[in-house]
Structures are given as structure tokens and as C-alpha cells.
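*Asks:* one predicted model, sequence on top.
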Number of protein chains: 2
Amino acid sequence: MALPGFRDFYPDDCAFRNAIFAKWRDVAHRYGFVEYDGPPLEPLDLFTKKSGDEIVTQLYHFKDKGDRDVALRPEMTPTLARLVTARHKDFKKPLKWFSIPQVYRYERPQKGRGREHYQFNCDIIGEAGLEADIELIALVIDTLRAFGLTEKDFVVRLSDRRFWHDFYSFKALPQEREYEFLQILDKAERKGRNATTIDLHAFQKNCHYSLELSGDLAKQVFAILDDATSAKSERLDTVETGLRHRGLHDYVKRDYTVVRGLAYYTGVVFEVFDRSGEFRAIAGGGRYDTLLKNLGGVDLPALGFGMGDVVLGEILKLHAFRDTIDRNLGLYVVIADEAFRPQAVELAQKIRESCHVAIEYPFVATKVGRQFQNAEEAHASMAIIVDAAIARGEVQIKILSTREQHPTTLDLLLPQLQQNYGAPFLRKTI
Amino acid sequence: MALPGFRDFYPDDCAFRNAIFAKWRDVAHRYGFVEYDGPPLEPLDLFTKKSGDEIVTQLYHFKDKGDRDVALRPEMTPTLARLVTARHKDFKKPLKWFSIPQVYRYERPQKGRGREHYQFNCDIIGEAGLEADIELIALVIDTLRAFGLTEKDFVVRLSDRRFWHDFYSFKALPQEREYEFLQILDKAERKGRNATTIDLHAFQKNCHYSLELSGDLAKQVFAILDDATSAKSERLDTVETGLRHRGLHDYVKRDYTVVRGLAYYTGVVFEVFDRSGEFRAIAGGGRYDTLLKNLGGVDLPALGFGMGDVVLGEILKLHAFRDTIDRNLGLYVVIADEAFRPQAVELAQKIRESCHVAIEYPFVATKVGRQFQNAEEAHASMAIIVDAAIARGEVQIKILSTREQHPTTLDLLLPQLQQNYGAPFLRKTI
């Protein structure tokens, strides 16, 4: 048994996981992002430095044999900050980096939330302008579109942490309690209107903030949450216009309930949800312009998002994406006359040396009918039948989908296979 | 700072690592292997069950918050055994499975040996015949050939654990000390002839095994080690013949000093070394027919090998493989007139939606010369220059390698790009 909250990946699960990774990489490359990675284990204080983070209470941490406090990474951003601040002078700005780390947390495993998952992380570092925010949000949308999802399936809920910061500052509420206020907003949707109203009243009272002089904080907050158009954010206007230019406007919706739990966000933030509302967030992110300075002393603006494989995987299963994963579609050498096994294996070897295609053959003498069955079960596209004729350089070819069979010679077959499977990527340059 | 013994993967390192992974996957797929994976963290007793394993003393283990004894996996075989024994009835035999886990050990980091590395694991399960051994050894050879290495660069040292078992049994030495004897052989090459002779003499004495009656064990052992042809192994004869049929005979050499440290091997074993002898083993493996029964109660013959990324990476750096890694070779949209930024970004978006190619553009107003410089530094193949002409559907194309520039229309350009970059894999079916 695997440990509670950890997944095994049997071949079908692994193919599904890898198909998700491949799409993630493909879209990131299209946006000019380059991949990086870091250790799954980091010093504990890398994660605890960013206080006010609910992740800290769920850290998978322990003492190693050298008496160091270490933790399995709960998220990638601190590692990214460590890497970038250590060598930021070596790289041209803006950096556009992505990674697909497995991340860990120690909490009670629940449906759709174990103790590990993979997270697609994309970050842009060194660009303060909103064009970068637009690019990042376009990337999150195009990532989901690459899986065949449309604006009917998901929505990017756009918000602005700075908007709430300005709102809070304008009220002259105590600065040191701003994060507490944001946490109430972050939980508002889950807790509901009544509970949140109670929380906000309690907060207002604790702040000694007069209801009579300044009005009801809860009412003011809900006026904004209920009607996003009532609250101005030039930043969000610019982002929405940029997305409209790209034809992506139908994928976004302004929604000030989104504030993101993590303490380090500073500007535009967003969360992606399926339209059915059945699942947890598919992805989330935003701007964190002060984190690199706070963690590593290097003043670089930054923004990024994370997208997990578990919620996405559940949604893709509903959309039958799993069925579209490439099957083997390789070749199967049928040894019809066991006396010619050495020649059959030699042929398999020759094809393997020059072709990027799966090629299999039976390890032991096997009835021909059984071999064809094996070939079909392995999802092979073609069988190459070897018997005494191979002494004259001849074999039979059988296309398994059509059952069509014809003889050919090795002199014809090998160049044809090489043409079809000669390179893992057959890509011309323009 | 990363923890001692752990690697960071900056983009260049990550590209190098991923290029190794891609080759591993490509060759495994050619051999009809399918990928699986398991958790990096497993219950400690999964690894300690196989006693006599030197890995156990180096385990990266700890108590988790639920008071469980857990360990970061030091190798993949126990996880594989766990997966297969749990669901072996669901899969057709033989299973041909591979994985690329990161594995961990807690020992003093040395040059070329940290506390983690990635390991390409290939295993065949459910086939007792030697054809499977031949297939596995062909796979390890073809894996290294895929990187451009030849028989001048590396050698597979073939041995037979059963040969030594038979040798030992024939001497009627005490059965319970066989593993101790094998450990002396395993260390023979590192410790040298004199020290090994002393070890074998001590072993013989401890076994109360008469020098006079039975002869000198050390002499008998060295007679075999010195001249592999003096010792018969039909198993190795068959394997060598099979490899000769495939044209791979120059890659192997019979060498009875190879016994493999791990306790669980039962038949043909092998280790792969670079010919210079400068590095640790590149790969190693063999048959372990009793492990699945011992660990999971399922009697299935099995064999496999592991190949790490660190030693291989060092060798590949000497062979300039690193320089052959694909660069970006994407497209760069040069915004020559900032007034047409929305149209330029819209064009970038259109290309991204239909083409699997990296496409970049400047986030903020940038001088045209600087943009071309950025394009070249990003290793783009082509610049698409956008100015007022885009209002008429026209842009300029500049091939960056030749500096050749010509005008074109969007109606011509987009289909051409789609044809070139339309799919991540342009692969015809035969």
C-alpha cells in the first residue's frame, strides 16, 4: 500500500499524467517560457519566511539525519525566488520560467486533495507593466483551451489585490490588520453572506472603527462583491481590454471576492473555476511584486500562476480527454516460423536502430493466432510476418485496422519505415 | 542555498536533464515499454524488507507527523514490486515497464554523487526465458547509442550470479554465508587483489573450510576472474549469441567480477562502464526472479536495470551532447510601430492558437534594433515585423540566420506557419 494521500501511477494513469504534462509544456513553449526545476526538499525556513501563509500549518516537514529542519516543498514560488535572486544578473529580463514540480502538504487526505499533486507553475519576473499580466492570463486560458476546454467550461475570475489594499487604506483601518481583513474576504464565498457579515462586524469592532461615523464595513464590502461594476480598477480595465484584443474576453469575469489566500500578492490576482462550480479552483495566481525583495533582497516585480493536475484531471475525465491519449500504434514482428527467430529479431533490431516507433515480438515460441492477438492488444498498427521467405529478403505486412495483408521486401520496407518514423519530431524550418 | 547534495535546475540544466529524459523515453517506447511511477515517499519497511542491502544504511528516512516510519525512495524496484504484486492479474505478461524516478540517499555528498539523482528504470516481469535478458541488455546498449555513444565509449560487463551460486554450492560452503562471499567478490575490483585474497582467506578460515582438502578459495576465484573463458555459463553463452544476432556483440564483455551489490539478484547480471574507466558505473541490473515472491507473495520472474542521470550526464558533457540540445528556434514579433501593438499582439495570439512554436514579443515599447537583438538572444529563427502596413494585412518577414527580409501578407503567412508548426508530432501512419 502507498502512504495515505500519495498516488501510484500505473501505466494508464501515467500516460494520462504525462499527456497533461506534455500539453502544459507545449503551451508554455509557445509562450516562450523555459523550464526550470528545484529540489523537492528545501530548508524549512524557506517556506516559513513568508508568514501569514496558511500553507505553513500544513507543511510536510521533519528533521533530517543532519538535524536540519527541512520540508517537502508545498509550493514552488519560494524555490523560484531562491533561484532567481541568487543569479538574477545572469538572465535577461523579463524571465519567463515554468516548472512542473510535485508539491506536498500534510493534511487529512480528502476527495480530490491528497498529500501530493503536480503543479504547473508559470512566472514572469522583471516586468512591472500590465502587458505581462495580460500575457500570463492569456497563457492560463490557452493552457486550458489546449485540452479542448472552452469558455463554456471554465472562467477566469479576475480581481485586484491593490484595489482592496486601497479600499482598506482609504478607511484608515489599522495597517497591521490588513491581512486579517483580506483573509475574511478570501473565505467569504465558502462561509456565506451571514457568517461573513458577522466576521466583518467583529473585525470592525475589534478595530474600534465606528459604525456611526464610517458606516457599516460589511455593507460596503458586499456592495462591491455584489456588483463588480460599482468598483473601479484601472488595472483590471487595462487587463480586460488586452484580453479583448486577443479574443479572450469571454473567458474572464471581474470578481472582487477573489483575493487569494497567500500573503504575498500585490496586484492583479485571478482564480480559474469550472463553470459548473463543482470543483475546487483549477488554477490561481497573480502579481507578487515585493516577494523577491522580501525573500532574497532583490527588487524585481513578478507574477505567476499555479495549476494542479488533480482538479484538472477530474474535469478532463468528464470531457473524455483521457480517451484521446495516443496509444502505442507501433509494430509487431510475428514470428510465423520459429526457425527464423534470429532473422526476425535482427529485423526488429534494425528497425529500432533507425525508427522512433515501438516494435515488439514474442520472447518465446507462440502460436501465430496468439501473436496477432498480442499485437492487437498492444495497439500495434501493423504486423510484420516473418517466415522462411525472409531468407530471400521477403516478409508479409498486415495492417491491423483493415486486416489487409501484402508481401514486401526488406529493401522496400526499411526505407519506408525510416521515412515514417525517422525522427521523433518531423518539423521543417520555414 | 539548496540543501547539501540536492541540485537546482536552472533553464540550461533543466533542458539538458529533459533531453536525457526524452531520449530515455524514446528508446523505451521503441522497445514497447510503458511508463509507470510511484510516490517519492514510501513506508520505510518497503525498503528494509530486502535485508542484506547496503542501500538500507544510507536511507533518507524519518518519522512523519502521523508517527509513521517513512523513507524517500532510494531505488524504484521495491515500489515496482509493490505495484505489480497488487495488480498483476490486470496485466498481460510479460510486463515491460519503465520509470524515471528521482531517488534519494542520505550519505556524504561526493563529486558525482549527491543525495538525489534521477534513475531510468526498465523492467521485464513475467518472462523466465533468456530472450528477455537479451532484450533488456539490447535496450541498455541502444539507450546509450541513442546519445551518440559507441562501443569505443562504453562496455557492458556481463556476469552470472547463478554461476557464483553454483560455484559456492559446489564447494559445500555454509549456505547462510553465501551473501558474505558475494560481497567480497563485489568489492574485489575496488579493494584490489591483495586485500581480496586476504578477505577470501579469512572467509575460508571462518567457514572452517580446509585449505588442504579443498584448495585455496582465493586462487580458485582469481583463476576465474583472470580468465572469464575458463568458466562456463550456458546462460551467458546464450545471451552473447543473442546479442551477436543483433549486431551488438562488440558492446559486451564477460566479466565475473560483476556480482551487483544488491542481495536480490538471481541470474544474469551486468554493469555498464565507460571504456576510460574514469567514472562510476553508468548502469547496472540483472535478473531478480525471487524478489516479487519474497516481497509480495507473487511468484513472477523479473529482471531490470537502472541508469542514473549524473554519471551519464558527465560522460555526455565530454561528448558534447549538451551542444546538440534543441534551442528555441521560435518566432519573434517585432513591434516597429507602437501604435499597432494591439494588432501585433492579436497576430501573436493567432499564431499561438494554431501553431506549436514559441512566439514572443516585447511587453513594453522597445527600440527596433533592441528587439532584433532580443530575438537573436532568444534563438528565434524568424522575426515578423509589424508596422502600419498591418492595417492592409501586410508584414515583413526576416530570417534571422540569413538576415534575408521580404514582405508577405497574413493570408499567406498564417497557413504557412500552420503547415510548419501545426502539430507537436507530424507523424504519418504507414
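*Replies:* Structure received.

*Asks:* tell me where the stretch 301-430 of chain A has strands.
*Replies:* For the stretch 301-430 of chain A, the strands identified by DSSP state E, counting those that start in this stretch occupy A:302-308, A:331-335, A:359-360, A:382-386, A:394-399, A:405-409, in order along the chain.

*Asks:* which one of these lies closest to B:Glu360?
*Replies:* Within those, the stretch nearest B:Glu360 is strand A:302-308; the backing value is 16.8 Å (Cβ to Cβ). Any C-beta I mention is one placed from the backbone N, CA and C, and that applies to glycine too.

*Asks:* tell me if the closest one is near chain B.
*Replies:* No: with Cβ under 8 Å from any Cβ of the partner chain as the measure, strand A:302-308 is seen stopping short of chain B, the closest distance being 11.4 Å.

*Asks:* same thing with stretch A:28-43?
*Replies:* Yes: for a cut-off given as Cβ under 8 Å from any Cβ, stretch A:28-43 has contacts with chain B, namely A:29-32, A:34-43.

*Asks:* over to stretch A:84-103?
*Replies:* Yes: between stretch A:84-103 and chain B, judged by Cβ under 8 Å from any Cβ, the touching residues are A:87, A:92, A:94, A:97, A:102.

*Asks:* check the offset of that stretch from the chain's centre.
*Replies:* Once both centres are worked out by Cα atoms, centre = their mean, to the nearest Å, stretch A:84-103 turns out to sit 17 Å from its chain's centre.

*Asks:* that one - what's its average pLDDT?
*Replies:* Mean per-residue pLDDT for stretch A:84-103: 95.

*Asks:* do stretch A:217-224 as well
*Replies:* Confidence over stretch A:217-224, taken as the mean pLDDT, stands at 92.

*Asks:* buried residues of it, list them for me.
*Replies:* Of the residues in stretch A:217-224, A:217-218, A:221-222, A:224 count as buried by neighbour count, 16 or more other Cβ atoms under 10 Å in any protein chain shown.

*Asks:* which of those residues come close to chain B?
*Replies:* Of the residues in these, proximity to chain B by Cβ under 8 Å from any Cβ holds for none.

*Asks:* the residue nearest to A:Arg30 when sequence neighbours are not counted: neighbour count?
*Replies:* The shortest distance from A:Arg30 to any residue that is not its chain neighbour, by Cβ to Cβ, 6 or more residues apart in numbering or on different chains, is 4.9 Å, and that residue is B:Arg352. Using other Cβ atoms under 10 Å in any protein chain shown, B:Arg352 is surrounded by 22 other residues.

*Asks:* in this structure B:Arg352 contacts A:Phe33, no?
*Replies:* No: using Cβ atoms under 8 Å, B:Arg352 and A:Phe33 do not qualify as a contacting pair, with a distance of 12.0 Å.

*Asks:* longest helix of chain A, counting residues only.
*Replies:* If each helix of chain A is counted by residues according to DSSP state H, the longest one is helix A:11-30.

*Asks:* now the element after that one, going C-ward?
*Replies:* Remark: after helix A:11-30, the chain's next helix or strand is strand A:34-35, criterion DSSP states H and E.

*Asks:* name every strand pairing with that next one and say which way it goes.
*Replies:* When pairing is defined by DSSP bridges, strand A:34-35 lines up against strand A:95-99 (parallel).
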